[in-house]
Structures are given as structure tokens and as C-alpha cells.
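A.B. asks: Curious how this folds, go ahead:
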Amino acid sequence: QVQLVESGGGLVQAGGSLRLSCAASGGTFSSYAMGWFRQAPGKEREFVSGISRGGRGTLYADSVKGRFTISRDNAKSTVDLQIHSLLPEDTAIYSCAADRDRIYSGRDPYEYDYWGQGTQVTVSS
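C.D. replies: Below you'll find the predicted structure:
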């Protein structure tokens, strides 16, 4: 079983950048497809980005394409989300998740088996 801990959130002005990181422990990190999701107040959790076990396959929500970049380092057991050109609508709790069954990440949160607690991202206008 893998444990996930996110970091890197904060308060940033619109147009700014952040780098979120998710550190995994307790499992074989390279055997999990990884994803980032976010949930804003009063809204459902939504898929943001995903990355395959080996890191070559990536997936993005249309709303973040061109602004967000996902990457992973299997040697360090981390998956990062680089965010540029932040918008107020990016304000949410961002969580990483691990899928033990699939090589490539998916958009459905129910495909993921393990979740971190999340990190808050707040974008001021």
C-alpha cells in the first residue's frame, strides 16, 4: 500500500506559477499510474492530469492544457505538477492519486486506489 503526501500549494496571484509535488512511500512507485485531481468548494472532484507508470504517457484536462505539466521521477518516488499562468478558477484543493491496476492513467477518479490529503492552491485576481 502506498502513502501519498502533497506539497507546494499556496496563495498566488493570477498569472503566477506553482510547482506541486507528491511524494510516495510504502510501495513500488513505478508500478502505479499517477494522477492529479482538484476539487473546488461546492464542486465535484475533477481530473487535472495523469501520467503513465514509465512517465512517457501524459494526459491533461482541456482546461489546463498548455499551462500545466506533469512529470514523475521514479527513482525519487515523486510526481510533480508544474503550473503556469494560474487563473482564479484554478483555486482548489489539489490531490494526487495512484492507480495500481493500469499502465496508463485515466480521468475517472474511481480508477485510482490511493489518495493523498491534498494541498490548497488559492489564486487571487
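
A.B. asks: F37 bridge partners, please.
C.D. replies: F47, S95 (DSSP bridges).

A.B. asks: actually R19, not the one I typed
C.D. replies: Going by DSSP bridges, R19 forms beta bridges with Q82.

A.B. asks: and it, what does it touch?
C.D. replies: G8, D80, L81, Q82, I83 (CB atoms under 8 Å, 6 or more residues apart in numbering). Heads up, the C-betas are built off the backbone N, CA and C, glycines and all.

A.B. asks: Pull the contacting residues for the first one.
C.D. replies: To tie it back to what came earlier, the one meant is G8. G8 is in contact with L18, R19, L20, S21, T119, counting by CB under 8 Å, 6+ apart.

A.B. asks: Could you report the neighbour count for the last one?
C.D. replies: Other residues within reach of T119, judged by other CB atoms under 10 Å, total 22.

A.B. asks: Which pLDDT value does the model give it?
C.D. replies: Predicted confidence (pLDDT) for T119: 98.

A.B. asks: That one contacts V5, correct?
C.D. replies: No - between T119 and V5 there is no contact under CB atoms under 8 Å: 9.0 Å.

A.B. asks: ok, residues contacting stretch 107-115?
C.D. replies: Residues from elsewhere that reach stretch 107-115, judged by CB under 8 Å, 6+ apart: 1-4, 27, 32, 35, 37, 45, 47, 50, 59, 61, 95-102.

A.B. asks: List the buried residues in that stretch.
C.D. replies: Residues P109, E111, Y112, Y114, W115 are the ones in stretch 107-115 that count as buried (16 or more other CB atoms under 10 Å).

A.B. asks: can you tell me which of the residues you listed are in strands?
C.D. replies: If you go by DSSP state E, those have Y114, W115 in strands.

A.B. asks: Make TSV from the buried residues of stretch 107-115 and add pLDDT and distance to V12 to it.
C.D. replies: TSV is the format used below for the buried residues of stretch 107-115 (pLDDT from 0 to 100; distance: CB to CB, whole Å):
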residue	pLDDT	distance to V12
P109	96	25
E111	96	30
Y112	97	26
Y114	97	27
W115	98	24
